[in-house]
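*Asks:* Coordinates for the following, if possible.
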Amino acid sequence: MKVVIKIGGSVAINEMGINSHYFSQMLPILKMIEKGNEVSLCIGGGRIVRNYFASARALGMTEREMELIGIDMIKAHVRFLAFLTKKTPIFSREEIKAKNMVIGGLEPGKSTDHSAALLASIIKADMFVKMTNVAGIYDKDPATHEGAKLIECMSFSQLKGYASSGTPGNYGILDAAAIEIIVREKITTVIMDGRTPENLAKALSLQTGTIIKETLQGK
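*Replies:* Residues are numbered from 1 along each chain as shown. This is a model prediction of the structure:
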């Protein structure tokens with residue numbers, strides 16, 4: 001199976017940068033799932049980039065300027081993860097090949113989720129997995145609603161309702177551009193709790209998080 005895994009900055013990157021403890025747990029799991037699967041990766045910006053954005057915003061920088069800074073910062077994350085996993089770092093869509101890649105931010109106004117979805121589309125991946133700091137997609141914001149319920153499965157049509165515009169460092173559970181690609185290409189997608197990387201194997205078996213896939217009606 002061909003898989004694109006987005007490792008969210010919210011779980012892997014702290015205010016100091018790379019979370020070495022997290023990746024020491026993640027690496028053996030990646031090696032395990034790579035047996036029998038073609039795996040490419042995407043890495044997000046995390047708290048260190050968000051802190052940078054806060055300072056830049058306070059100094060009056062434009063959203064585009066902030067995005068360009070963020071893309072350059074995430075390039076360091078891509079280099080790190082590529083060296084760690086012996087994969088090819090990708091810094092533009094023209095560099096995207098067939099397999100075994102690491103990608104980050106590509107262009108202003110688009111999140112790393114968009115980069116991951118674009119990668120999945122171009123290489124015709126069977127699945128896109130996003131590892132984030134919540135268990136999946138909820139019917140309400142779990143940060144502000146104590147009774148929020150996890151949505152275990154949804155169709156591509158239902159996913160469209162979660163598309164909204166964002167700002168640098170704040171694109172929500174999936175940004176609108178990423179959702180557009182997922183829905184158009186009908187890419188089976190899993191949004192999972194990346195704080196426990198052991199669950200990654202369950203995600204590939206569609207046994208954890210929120211599963212987004214084509215219904216019997218093809219929607």
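*Asks:* what's K86 sitting at in phi/psi?
*Replies:* For K86, the backbone dihedrals (degrees, to the nearest 10) come out as phi 60, psi 40.
*Asks:* do K2 as well
*Replies:* Torsion angles, degrees, to the nearest 10, at K2: phi -100, psi 120.
*Asks:* I'd say it and A98 touch.
*Replies:* No: counting by Cβ atoms under 8 Å, K2 stays clear of A98, with 9.1 Å between them. (Each C-beta comes from the backbone N, C-alpha and C, glycine too.)
*Asks:* Mutual contacts of the two, please.
*Replies:* Contact criterion Cβ atoms under 8 Å, 6 or more residues apart in numbering; residues shared by K2 and A98: I123.
*Asks:* Please say which of the two ends up with more neighbours.
*Replies:* K2 (15 against 11; other Cβ atoms under 10 Å).
*Asks:* Can you give me the distance of that one to G104?
*Replies:* Noted for K2: a distance of 20 Å to G104, by Cβ to Cβ, to the nearest Å.
*Asks:* Poorly predicted segments of this protein, please.
*Replies:* 163-172, 216-219 (pLDDT under 70).
*Asks:* And the helices in it, which stretches?
*Replies:* Ranges of helices in the chain, per DSSP state H, are 9-12, 20-33, 46-58, 63-85, 112-122, 156-159, 176-185, 200-204.
*Asks:* ok now the fourth one, how far from the chain's centre?
*Replies:* Meaning helix 63-85. In this view, helix 63-85 has its centroid 14 Å away from the chain centroid, taken as Cα atoms, centre = their mean, to the nearest Å.
*Asks:* ok, and what's touching it?
*Replies:* 7, 9, 13, 18, 23, 27, 30, 41, 43-46, 48-49, 52-53, 56-57, 61, 87-91, 102-109, 112, 167-169.
*Asks:* one more time with 6 Å
*Replies:* Under the criterion Cβ atoms under 6 Å, 6 or more residues apart in numbering, residues 18, 43, 45, 49, 53, 56, 89, 102, 104-105, 108, 168 lie in contact with helix 63-85.
*Asks:* What are the buried residues along that helix?
*Replies:* 66-71, 73-74, 77-78, 80-82, 85 (16 or more other Cβ atoms under 10 Å).
*Asks:* of the residues you listed, closest to A177?
*Replies:* Of all the buried residues of helix 63-85, A177 sits closest to E67, with 12.9 Å by Cβ to Cβ.
*Asks:* separation between that closest one and R195?
*Replies:* E67 is 27 Å from R195, by Cβ to Cβ.
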